[in-house]
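Chemist: what follows is a predicted structure for the sequence shown.
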Amino acid sequence: MDRIVLEVDGRMANAWRNSSPAFKSRMEKEINLRIGKRLKEAQRAEFKQAIVEARDEAEAKGLTEEILEQLLSEDEE
């Protein structure tokens, strides 16, 4: 496992230092899962945004769905 540093308020830090190893272990697993889920959500959102921008740029340059289908069918021949 790698280590990261999260900043929290003083009361939270003190409570963490005084927590049992079992509690810390459970919380570390839960935090790991939650961060992983949020990162995946952010990556999906960024990917979707990139697709939207690429589509908008293609449309602005005159690439329509019909032209794209024609180009793709030419590749099959």
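Modeler: Looks like it came in fine.

Chemist: quick check: next helix or strand after the top helix by length along the chain?
Modeler: Using DSSP state H to define each element, the chain has its longest helix at helix 21-60. Remark: after helix 21-60, the chain's next helix or strand is helix 65-76, criterion DSSP states H and E.

Chemist: so what secondary structure elements neighbour that following helix?
Modeler: When contacts are defined as 3 or more CB pairs under 8 Å, 6 or more residues apart in numbering; DSSP states H and E, helix 65-76 packs onto no helix or strand at all. (Glycine included, C-beta is placed from N, CA and C.)

Chemist: could you check the angle it makes with helix 21-60?
Modeler: Going by axes from the mean of the first three to the mean of the last three CA atoms, to 10 degrees, helix 65-76 is angled at 100 degrees with respect to helix 21-60.

Chemist: contacts made by helix 65-76 with the rest, please.
Modeler: Helix 65-76 is touched from outside by residue 58, with contacts defined as CB atoms under 8 Å, 6 or more residues apart in numbering.

Chemist: distance of residue 12 relative to residue 6?
Modeler: 10 Å (CB to CB, to the nearest Å).

Chemist: scratch that, residue 44 is what I was asking about
Modeler: Residue 44 is 23 Å from residue 6, by CB to CB.

Chemist: swap in residue 17?
Modeler: Residue 17 is 14 Å from residue 6, by CB to CB.

Chemist: where does residue 8 land in three-state SS?
Modeler: coil (DSSP: H, G, I helix; E, B strand; the rest coil).

Chemist: may I have the phi/psi pair for it?
Modeler: phi -130, psi 170 (degrees, to the nearest 10).

Chemist: isn't it up against residue 14?
Modeler: No. Counting by CB atoms under 8 Å, residue 8 stays clear of residue 14, with 9.7 Å between them.

Chemist: just for the chain, where's the confidence low?
Modeler: For the chain, the stretches with pLDDT under 70 are 75, 77.

Chemist: can you give me the neighbour number for residue 48?
Modeler: Neighbourhood size, residue 48 [other CB atoms under 10 Å]: 10.

Chemist: pull the contacting residues for it.
Modeler: Counting by CB under 8 Å, 6+ apart, residue 48 touches no other residue.
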